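# here is a sequence together with a model predicted from it:
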Amino acid sequence: MIAYHLPILQIVVPLIAAPLSAFCRRAGMAWYLALIICAASFAISVALLVRVLDEGHISYLLGNWAAPWGIEYRIDAVNAFVLLIISGMGTMVLPYARVSIADEIEPHNQALFYTCYLLCFAGLLGMVITGDAFNAFVFMEISSLATYVLVALGAKRDRRALSAAFTYLVMGTIGATFFVIGIGLVYMVTGTLNMADLAARLQGLEQNRTALVAFAFIVTGIGLKLALFPMHLWLPNAYAFAPSAVTVFIAATATKAAVYLMLRFLFTVFGTDYNVLGLTLTYMFTPLALAAMFAASTVAIFQFEIKRMLAYSSVAQLGYTVLGISFASVTGLTATMIHLFNHALMKGALFMAVGAIVLRHGAATIDSVRGLGRTMPWTMAAFVAGGLSLIGVPLTVGFISKWYLVAASLESGRWPIAVLIVLSSLIGVIYIWRVIEAAYLEKPPEGRTAREAPLSMLIPTWGLVGANIYFGIDAELTSRVAGAAARLLLWVAP
Amino acid sequence: MSLDDVLGLFNYWMVIVLMMTGLYIVVSRGNLVKKIVGLNIFQTSVFLLYISMGKVSGGTAPILTGKPEVYSNPLPHVLILTAIVVGVATTALGLALVVRIKNAYGSIEEDEIQTMDLVAESEAETTGHRR
C-alpha cells in the first residue's frame, strides 16, 4: 500500500512538513523536523530509483483520475535519478546548516528558514516528478518563491543579498512566465497538458506556427531558470550573498531541476524528430555552452569573493551540461546526466568548505583565506579536493564528466569541441590555484585567531569529498543510471 | 493583413500589447516598485491569453444542466486561477523585498543601489589588498 503511494509521498511529506515547521518556536525543533523529513524523502527516492531500474517506469494517477485528464506522476530512470540528487543533497546540507544558519541568520528567522527550505525542497522534487506540464510550472514557482526568500535571508551578513534576491525574483518570474506562455500555446494546439500525451499529439505538427512559438518560449523560459549563458545574470550574486547553507543547496539542486525540465521538453515532449530541435541544438546550445565555459570561467578568475568566483564557475559548469545536451547523442546525454550528479557533489563540497570559512572569518575572500592551510587544514583540504574534482583530475567525479563529454564530441566528429573542453578546464586551474596559493603559500595576517570549523560542518563536507572520490573511481553505478536515462530520453532501446 | 486579422484576433493583439508593455516596464524602469508593476502587467497578459483561449463562441458556463449545450473550456480558466495565486505571491514577495531594500539602502532606485554595491565591493577589495 505504502509502496504504491511512494510517488505522491515524495512530494506531500515535505509539503505538509513545511507549514508544520512554521509552528516550531525554536530553530532546533524545526531543524529536527526538516532533517527527519528530508531523510525520509531521500529514502523514498532511493526506493523509487530501485523500483524504476527494476521494472521500467512508474505511473501514478493523482486522485485516480485517468492519465491525460488528471495529473500523472510519471517516474522513469531520468527523473528518479534527479530526484535522488535533489533529496540526497537536501539531506546532506541539513546537518551542515545548523551551525552555519545559527550564525548567519537572525534568531527570530531561523525556524522560518527551515519552512522555506522544506518548501523549496518540495517544489524542486515536484517539478521533477510530475508528468504534467502545468503542474511543473506550479512546482517551479513554489521552489522559486522559496528560493528568493532563502537568498534574501543572507541580508544579516550583507545587505546585497536583498538586491540579489530582487534581481533573481524579476528574472526568475520572467523565465517562469515565458515557460507558462509556451505551455499555454502548446495547449492551444494539442488540448493536453500531460507530457506523454503532448509528445504523441505533437507528432506531425512540425510546421505548426503556434507549436513553434511555444517551443521558443519554453526553451527560453527554462533557459533563464537554468542560467544558460547569457541569461545567467541573476546567478552570481544570488549564490554569493545567500547564506552559505542555502548556496550549497541551490547550487547543487535548483539549476539541476531546470536542466531536467529542459531535457524533458526537448527530447520527450518535442522529440528528436522535431524539425527545429537540431537547429536549436547546433546553432544556439553549442555556441552558448562554449561561450559559458570560457566567458564565465574567465570572469571567475577576477573575482575577489570566493563564493562569487564559484558561482561564475557554476555558470561555466552549466555550459558543460548544456554542451552534453547539444550533441543529442546517447553519450552526450549520458555526460549531461552524470554531470548533474557529479556537479552537485563537487560544488556541494566546495561551497561547504567556503561556508566553513565564512563561519570562522565572516567572509570568504582571497584575502581572508590567507594562511588558512595551516589554521583550518581540514576545511582547506576539502576545498582542494573539491577544486581538483572541478578541474577534472583523474580519480575524481569531474574527470568522469569530462571523459564522457570528450567522448561525445569525438563521436559526433566535432573534435575541436573536445579541445575546447580541455582548454576551458585549464582556466579552472587558474582560479582554483589563486585560492590554494593564498591559503598555503601565504602567511596568516598578524593577530588572527582562527580555529578549525566545527565537526557538524566538516563531516558533511568530507562526506561529499568522499563521494567525489568514490564515484570518481567507481563510476559503474552512476554511468549505468545516466546511460539508461539518456537512452530513455532519446527513445533508444536499452 | 486584413481587417479580420485585426478584429478577429483582437484578444491576442491585446495580449501581445500588454505583454510587451509589461516587459518593457521591467527592463526600462529603475524604480523597483515600477518593476514589480511591470512584472504584474506581464503576468496579467498571460492570464488573458489563457482565459480567452478557453472561450468557445456562443458557449455558456460549463454547468451540467441535463440538456446538451455548447460550453466554454473550463480547464484554462482553472489553470489560471493557480497562476493568479502565484502572481499574487510573487508581487507580495517582491514588494516585501522592496521594503527591506528601502530600509537597508535608503533608496529604491536601481542605479543608486548598484552604485552603492559597487562602492562596497571596491572598498572591500582595496582594504583586503592593503592588509
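Noted; the coordinates are in hand.
# tell me the pLDDT at residue B:1?
Per-residue confidence (pLDDT) for residue B:1: 69.
# whoops, residue A:197 was the one
92.
# same question for the one 3 residues further on.
The predicted local confidence for residue A:200 comes out at a pLDDT of 91.
# which residues touch it?
Residue A:200 makes no contacts at all, as judged by C-beta atoms under 8 Å, 6 or more residues apart in numbering or on different chains. Where C-beta positions appear, they are placed from N, C-alpha and C, glycine not excepted.
# mind checking what secondary structure it has?
helix (DSSP: H, G, I helix; E, B strand; the rest coil).
# next, count neighbours for residue A:160.
Residues lying near residue A:160 (other C-beta atoms under 10 Å in any protein chain shown) number 20.
# which helix or strand lies directly C-terminal to the longest helix seen in chain B?
Taking DSSP state H as the criterion, chain B has its longest helix at helix B:74-105. Later in the chain than helix B:74-105, the nearest helix or strand by DSSP states H and E is helix B:110-130.
# buried residues, that following helix. List them.
Neighbour counts over helix B:110-130 (16 or more other C-beta atoms under 10 Å in any protein chain shown) mark B:110, B:113, B:116-117, B:124, B:128 as buried.
# that helix - what's its average pLDDT?
If you average the pLDDT over helix B:110-130, you get 82.
# tell me what it is packed against?
On a contact count with 3 or more C-beta pairs under 8 Å, 6 or more residues apart in numbering or on different chains; DSSP states H and E, helix B:110-130 meets helix A:160-190, helix B:74-105.
# does the shortest one reach chain B?
Yes. Legend: contact between helix A:160-190 and chain B by C-beta under 8 Å from any C-beta of the partner chain is shown at A:160, A:162-163, A:165-166, A:169-170, A:173-174, A:176-177, A:180-181, A:184, A:187-188.
# for chain A, which residues are neighbours of chain B?
A:134, A:137-138, A:141, A:145, A:148-149, A:152, A:155, A:159-160, A:162-163, A:165-166, A:169-170, A:173-174, A:176-177, A:180-181, A:184, A:187-188, A:304-305, A:363, A:365-368, A:445.
# tell me which element residue A:59 falls in.
Per DSSP H and E, residue A:59 falls inside strand A:58-61.
# could you dump that strand to CSV, C-alpha only?
Extracted in CSV, the C-alpha atoms of strand A:58-61 (Å, rounded to 0.1, in the frame of the first residue of the first chain):
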residue,chain,number,x,y,z
ILE,A,58,6.1,4.1,-12.7
SER,A,59,2.8,5.9,-13.4
TYR,A,60,0.9,7.3,-10.5
LEU,A,61,-2.5,8.9,-11.1
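# returning to that earlier point: now the buried residues of helix B:110-130 as TSV including distance to residue A:418?
Putting the buried residues of helix B:110-130 into TSV (distance: C-beta to C-beta, whole Å) gives the following:
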residue	distance to residue A:418
B:110	42
B:113	43
B:116	45
B:117	40
B:124	39
B:128	39
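# read off the pLDDT value for the residue in chain A positioned nearest to chain B.
Of all residues in chain A, the one sitting closest to chain B is residue A:367 (3.5 Å; C-beta to the nearest C-beta). Looking at residue A:367, its pLDDT is 87.
# measure it to residue A:438 for me?
Look at residue A:367 and residue A:438: by C-beta to C-beta, to the nearest Å, they are 8 Å apart.
# kindly report the same for residue A:65.
According to C-beta to C-beta, residue A:65 and residue A:438 sit 59 Å apart.
# just give me the neighbour total for the closest residue in space to residue A:58 that isn't next to it in sequence.
For residue A:58, ignoring the flanking residues on the chain, the nearest one in space by C-beta to C-beta, 6 or more residues apart in numbering or on different chains is residue A:75 at 4.5 Å. Neighbour count of residue A:75, defined by other C-beta under 10 Å: 25.
# ditto for residue B:37
Neighbours around residue B:37, by other C-beta under 10 Å: 18.
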